[in-house]
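> The sequence isn't on hand, but the structure is:
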């Protein structure tokens, strides 16, 4: 399993909900945003938030078990020290040569030649030398001591920024949960896009049967307008009036045996349930108005009764199993 890649991109969401989606909006821009965010999150995880990268970051910015001097903020401190030393050394050299703060208006080339004569008895160096000096003009004037100071200041400014960045990373490495928080923030942004995309899919909150379609493909629909009606037929309520000599109570068990209208062989169907609501008649003895809740599934999962079924009086028997 790739921990860097979140599972629920637009394709997987649509595939998982395909059998439950009643309608969907055309929202290609939202799909692109979601998939792009998941891709960027994967890149960030690989490059920053995976365990190997977090460990390497800690070694670079915070701790190095083998060499503490290799930690980045310590190296920047050492770099700044050498920068200061180099700048001060050059400044002293310019002062010694009388060039400190002085512009250079001429350029000189000073070349000295000397020679050595090799003889069988040994080499002999003679003092005869030649020297040539050339002068050039027509170039931009320079102030080397100030240029050195400018380079030093710019280098120190850059080093200060690097030092600050290194210290911030060191503070993050001191608290490992900071990387977890950053990754959680990325995941929260992805979650917002996932929820926004799922909101464009009309999904039934319950399993059931579509018993009404109120809009056709291509129709304009306003917020709140019904599109389809879905009814859960895993359990049904049977409503009717029965004749029973005795006292019916709540949770009394009833059994209903009938022959369905569309049964080709006239086979009897049996369904059982419990009384959820009961009311007796005052004017007619032994009659009860009942509301019976029944499980509407066979052991194989098929529905027993169709929704809104009306029983035939002559082919239906209601039996009180227990009260």
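That came in fine, so what should we check first? Note that the coordinates shown come from a computational prediction; the quantities given were computed from them, not determined experimentally.

> tell me which element the closest residue to residue 50 other than its chain neighbours falls in.
The spatial neighbour of residue 50 that comes closest, neighbours along the chain excluded (C-beta to C-beta, 6 or more residues apart in numbering), is residue 4 at 6.7 Å. Every C-beta, even on glycine, is put in place using the N, C-alpha and C of the backbone. Secondary structure from DSSP states H and E places residue 4 outside every helix and strand.

> so residue 4 makes contact with residue 45?
Yes. Using C-beta atoms under 8 Å, residue 4 is in contact with residue 45, at 3.9 Å.

> what about the two, which has more around it?
Taking neighbours as other C-beta atoms under 10 Å, residue 4 and residue 45 compare with residue 45 leading, 19 against 13.

> phi, psi of residue 206?
Main-chain dihedrals, residue 206, degrees, to the nearest 10: phi -130, psi 150.

> what's the closest non-adjacent residue to it?
For residue 206, ignoring the flanking residues on the chain, the nearest one in space by C-beta to C-beta, 6+ apart is residue 232 at 4.8 Å.

> quick one: contacts for that neighbour?
For residue 232, the contact set (C-beta atoms under 8 Å, 6 or more residues apart in numbering) comprises 206, 207, 208.

> Quick check: the gap between the second one and residue 298.
Residue 207 is 16 Å from residue 298, where distance means C-beta to C-beta, to the nearest Å.

> With the first one instead?
Shown here: residue 206 relative to residue 298, a distance of 20 Å by C-beta to C-beta.

> Of all the residues in the longest helix along the chain, which ones are buried?
Of all the segments of type helix in the chain, defined by DSSP state H, the longest one is helix 144-174. Neighbour-count burial for helix 144-174, with 16 or more other C-beta atoms under 10 Å as criterion, is recorded at 144-145, 148-149, 152, 155-156, 159, 162-163, 166, 169-170, 172-173.

> do the same with stretch 281-296
In terms of neighbour count (16+ other C-beta under 10 Å), stretch 281-296 has its buried residues at 288, 290, 292, 294, 296.

> And stretch 316-323, by the same measure?
Within stretch 316-323, the residues scored as buried using 16+ other C-beta under 10 Å are 318, 320.

> Mind pulling up the pLDDT for the most centrally placed residue in the chain?
Closest residue to the average C-alpha location of the chain: residue 187 at 3.1 Å, with C-alpha atoms, centre = their mean. Model confidence at residue 187, expressed as pLDDT, equals 94.

> Now for residue 100, how many residues are close by?
For residue 100, the count of nearby residues is 17 (other C-beta under 10 Å).

> OK, contacts around it?
By C-beta under 8 Å, 6+ apart, the contact list for residue 100 reads 91, 94, 145.

> Where does the closest residue to residue 204 other than its chain neighbours fall, secondary structure wise?
Ranked by C-beta to C-beta, 6+ apart and with sequence neighbours excluded, the top spatial neighbour of residue 204 is residue 230, at 4.5 Å. Counting by DSSP H and E, the element that carries residue 230 is strand 228-231.

> What of residue 271?
Residue-wise, residue 271 maps onto strand 268-280 under DSSP H and E.

> likewise residue 37?
Using DSSP H and E, the element containing residue 37 is helix 28-44.

> List of residues touching that helix?
Residues lying outside helix 28-44 but in contact with it, judged by C-beta under 8 Å, 6+ apart, are 4-6, 9-11, 183, 186-187, 189-190, 193-194, 196-197, 200.
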